[in-house]
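In: no FASTA, just this:
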C-alpha cells in the first residue's frame with residue numbers, strides 16, 4: 001500500500017459531492033481538517049455524519065464555510081451540535097438501523113467515504129475498529145474511499161474490514177482515539193442500576209447504552225450468570241463482566257459465544273481489549289439493530305434513557321423542546337425487538353430530576369419535544385425511587401405509577417395535573 005499526504009488524498013473530493021465521515025470515537029480528524037483546508041476550492045459539499053464523539057468542534061462548522069459544507073447529520077454529535085442549533089446545518093430523522101438502507105437505495109448518495117482504519121493484517125485487510133455502524137454501508141456505496149491508516153486503531157472482526165486495494169488514497173497516521181473513561185455512577189445512578197439488575201434474569205441478552213446509569217447496571221450484575229451481549233454501543237463496563245465469565249454469550253441464539261456490537265466508545269483499555277479478538281465482532285448497524293434479529297435472542301434486556309417522560313408514558317430522548325440534541329439511535333429498534341423477545345424486558349432509566357432540579361417526569365412533554373418511544377411500546381420506567389411498570393395499564397394507572405417514582409418535590413403538582421386530565425378514573429386510584 002502506497003501512502004500519500006492528507007492534503008493530496010482529499011483532492012479526490014470534488015465540488016457538489018457527498019461525503020460520509022466515520023463516527024464513534026474514530027472521526028478521521030486529519031482527513032477532515034485537510035478537507036476543510038480546501039474550502040476555497042470546494043462548493044456545495046454535503047457531509048453525512050452519524051453518532052460520534054469528537055475531540056473538538058468540527059473544523060468545517062464555521063460561518064465562512066456555510067456555502068461550502070452542507071451538514072446533514074444522521075445523529076447530532078457533540079462536535080456539530082452548536083452548528084445545528086444555530087441553524088447552519090440540519091439533521092435527518094431516522095432509526096439508526098434504517099440509515100444503511102438510505103445509503104444502499106441511493107436516497108442518500110455517497111460519493112466519498114472518509115475512514116479511520118487499523119493497520120492492515122497479513123491478508124491486506126484493514127479494520128474500521130470501533131465504528132462499523134454506518135461505515136459499512138457508506139463504504140459499500142461510496143465511489144471513492146479515503147482512509148487514515150492509524151496505528152492506534154484496534155483490529156476488530158466482523159463486517160468492518162476493507163482490503164487495501166479498495167482504498168483510493170491512504171494516509172499513515174498515529175492518532176489516539178477519543179477516550180471516554182468509565183464514569184463512576186453516583187448514588188442516584190447506583191440505585192437505578194440496582195433496581196434494573198434485580199429484574200434481569202440469568203441467561204439474559206443485554207443491550208445497554210452509554211453513561212452513568214448503564215455503567216451502574218453493569219456494576220450491579222456481578223452475581224449473574226451466562227449473560228450475553230448483542231448491543232449497538234460497547235463500553236468499558238462490559239469488559240470486566242466478559243473477563244470474569246459473567247458475559248459468556250452461551251445462551252444467545254444469534255451468534256452464540258460471540259460478543260456482538262456495532263460501535264465502541266470508551267478508554268484505551270476497551271480498545272486494546274478489542275484488538276484481534278475473534279470472539280468479539282463489529283457488525284453493520286442494519287444487522288445489529290434489526291428488531292426481528294434482536295427478538296431471536298432469549299430474554300433480551302433493552303436498557304435506554306430519556307430526556308423526559310410524560311404521564312402517559314411518551315418518551316422524549318432526542319430533543320430539549322424544539323432543539324435536537326442527539327438522535328433516535330437504536331432505542332426504538334431495541335425497545336421493539338426486546339419486547340418481542342421471549343422473556344424480554346425493556347427499560348427507560350432516568351434520574352427523577354435533572355442536575356438543575358427539574359423533573360424528568362412531566363405532566364406533558366415540553367412544547368416541541370419529539371416522541372422517540374411511543375406510549376404504546378413502553379414497559380418499565382425506572383428512577384432512583386423505583387420501577388413503574390406501564391404495559392397493559394390504562395392512562396390513569398400509568399400516571400399513578402409514574403408519580404410514585406417521580407421526585408417527591410413534584411408529586412403533588414403531577415397529581416393535580418393527573419386529576420385535571422383523567423378525572424374520576426384517576427381520583428379513584430388515590
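Out: Arrived safely. Keep in mind that this is a model prediction, so the values were computed, not measured. Numbering: from 1, shown residues only.
In: let me see the contact set for the residue minimising distance to the centre of the chain.
Out: Of all residues in the chain, the one closest to the mean position by C-alpha atoms, centre = their mean is residue 329, 5.0 Å from it. Residue 329 makes contacts with 51, 75, 96, 232, 317, 318, as judged by C-beta atoms under 8 Å, 6 or more residues apart in numbering. All C-beta atoms are positioned from the backbone trio N, CA, C, and that covers glycine.
In: ok, now residue 427?
Out: Contacts of residue 427 were listed using C-beta under 8 Å, 6+ apart, and they are residue 419.
In: kindly report the same for residue 77.
Out: 23, 49, 50, 51, 52, 53, 54.
In: now it: how far from residue 62?
Out: Distance, residue 77 to residue 62, by C-beta to C-beta, to the nearest Å: 16 Å.
In: that older thread, so which of the contacts of residue 329 are in strands?
Out: For the contacts of residue 329, not one is inside strands, with DSSP state E as the criterion.
In: for those, give me JSON lines that also has neighbour count and distance to residue 324.
Out: Putting these into JSON lines (neighbours: other C-beta atoms under 10 Å; distance: C-beta to C-beta, whole Å) gives the following:
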{"residue": "51", "neighbour count": "26", "distance to residue 324": "13"}
{"residue": "75", "neighbour count": "23", "distance to residue 324": "10"}
{"residue": "96", "neighbour count": "26", "distance to residue 324": "15"}
{"residue": "232", "neighbour count": "26", "distance to residue 324": "19"}
{"residue": "317", "neighbour count": "25", "distance to residue 324": "11"}
{"residue": "318", "neighbour count": "23", "distance to residue 324": "6"}
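In: what helix or strand is the residue nearest to the centre of the chain on?
Out: Under DSSP states H and E, no helix or strand contains residue 329.
In: out of the contacts of residue 329, which comes closest to residue 202?
Out: For residue 202, the nearest member of the contacts of residue 329 is residue 232. The distance, counting by C-beta to C-beta, is 23.0 Å.
In: thinking the closest one is in contact with residue 289, fair?
Out: Yes: shown here, residue 232 and residue 289 form a contact pair, counting by C-beta atoms under 8 Å, at 6.1 Å.
In: now do the buried residues in stretch 83-91.
Out: Within stretch 83-91, the residues that qualify as buried are 83, 84, 88, 89, 91, counting by 16 or more other C-beta atoms under 10 Å.
In: tell me the one among the residues you listed nearest to residue 173.
Out: Nearest to residue 173 among those, counting by C-beta to C-beta, is residue 83 at 25.0 Å.
In: what sits against that closest one?
Out: 57, 58, 61, 71, 89.
In: what does residue 426 give?
Out: Under the contact definition (C-beta under 8 Å, 6+ apart), the residues listed for residue 426 are 396, 399, 400, 418, 419.
In: next: residue 342.
Out: Residues touching residue 342, when contacts are defined by C-beta under 8 Å, 6+ apart, comprise 298, 299.
In: equivalent analysis for residue 241, please.
Out: Remark: with contacts taken as C-beta under 8 Å, 6+ apart, residue 241 is in contact with 218, 221, 222, 227, 247.
In: repeat that for 10 Å
Out: 206, 218, 219, 221, 222, 224, 227, 229, 247, 248 (C-beta atoms under 10 Å, 6 or more residues apart in numbering).
In: do the same with residue 206
Out: 200, 214, 217-218, 221, 224, 227-231, 238, 241, 247, 297, 299-303.
In: ok so, going back, what about the buried residues of stretch 83-91, which are in strands?
Out: residue 91.
In: pLDDT added to the buried residues of stretch 83-91, as JSON lines?
Out: Supplementary listing: the buried residues of stretch 83-91 in JSON lines, determined by pLDDT from 0 to 100:
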{"residue": "83", "pLDDT": "92"}
{"residue": "84", "pLDDT": "91"}
{"residue": "88", "pLDDT": "92"}
{"residue": "89", "pLDDT": "91"}
{"residue": "91", "pLDDT": "92"}
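In: just send the buried residues of stretch 83-91 back as a markdown table, with distance to residue 339 too.
Out: What follows is the buried residues of stretch 83-91, written out as a markdown table (distance: C-beta to C-beta, whole Å):
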| residue | distance to residue 339 |
| --- | --- |
| 83 | 36 |
| 84 | 32 |
| 88 | 38 |
| 89 | 34 |
| 91 | 27 |
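In: check the offset of the helix or strand where residue 333 lies from the chain's centre.
Out: Secondary structure assigned from DSSP H and E places residue 333 in helix 331-340. Averaging C-alpha coordinates over helix 331-340 and over its chain gives two centres that are 14 Å apart (C-alpha atoms, centre = their mean, to the nearest Å).
In: list the buried residues in it.
Out: By neighbour count on 16+ other C-beta under 10 Å, the buried set for helix 331-340 is 331, 332, 333, 334, 335, 336, 337, 338, 339.
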